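Colleague: sequence first, predicted coordinates after that:
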Amino acid sequence: MQPMKNIINELWHGNIIPQEYSRTNSQEMKELLGYMARHHEDLEKTFSDEQKETFEKFHDC
């Protein structure tokens with residue numbers, strides 16, 4: 001069997017679970033994401049309407 005077909009078969013049958021290797025599952029990453037969210041909210045509170053719009057555009061990229 002070709003390597004790519006083998007990987008697809010393994011994924012299909014549940015033998016490979018990509019989420020297990022995700023960095024977002026680590027406690028450190030969860031803490032960092034929470035830290036970023038808190039500071040994001042605090043920063044937005046200080047913006048004018050025009051700055052909020054610009055920041056939203058930046059954030060959406």
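Modeller: Cool, got the structure.
Colleague: quick one: the helices in the protein, in order.
Modeller: Ranges of helices in the chain, per DSSP state H, are 3-12, 27-45, 49-60.
Colleague: TSV please, covering these and showing mean pLDDT and mean neighbour count.
Modeller: For the C-beta atoms, the positions are set from N, CA and C on the backbone; glycine is no exception. As requested, those are exported to TSV (pLDDT from 0 to 100; neighbours: other Cβ atoms under 10 Å):
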stretch	mean pLDDT	mean neighbour count
helix 3-12	81	10
helix 27-45	88	10
helix 49-60	90	10
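Colleague: would you reformat these as CSV and include distance to Pro18?
Modeller: As requested, those are exported to CSV (distance: least, Cβ to Cβ, whole Å):
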stretch, distance to Pro18
helix 3-12, 8
helix 27-45, 16
helix 49-60, 26
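Colleague: how close does Thr54 sit to Arg38?
Modeller: According to Cβ to Cβ, to the nearest Å, Thr54 and Arg38 sit 21 Å apart.
Colleague: spatially nearest residue to Ile7 (excluding sequence neighbours)?
Modeller: The shortest distance from Ile7 to any non-neighbouring residue, by Cβ to Cβ, 6 or more residues apart in numbering, is to Ile16 (7.1 Å).
Colleague: and the one you found, backbone torsions?
Modeller: phi -120, psi 130 (degrees, to the nearest 10).
Colleague: that one and Arg38, how far apart?
Modeller: For Ile16 relative to Arg38 (Cβ to Cβ), the value is 35 Å.
Colleague: swap in His59?
Modeller: Distance, His59 to Arg38, by Cβ to Cβ: 15 Å.
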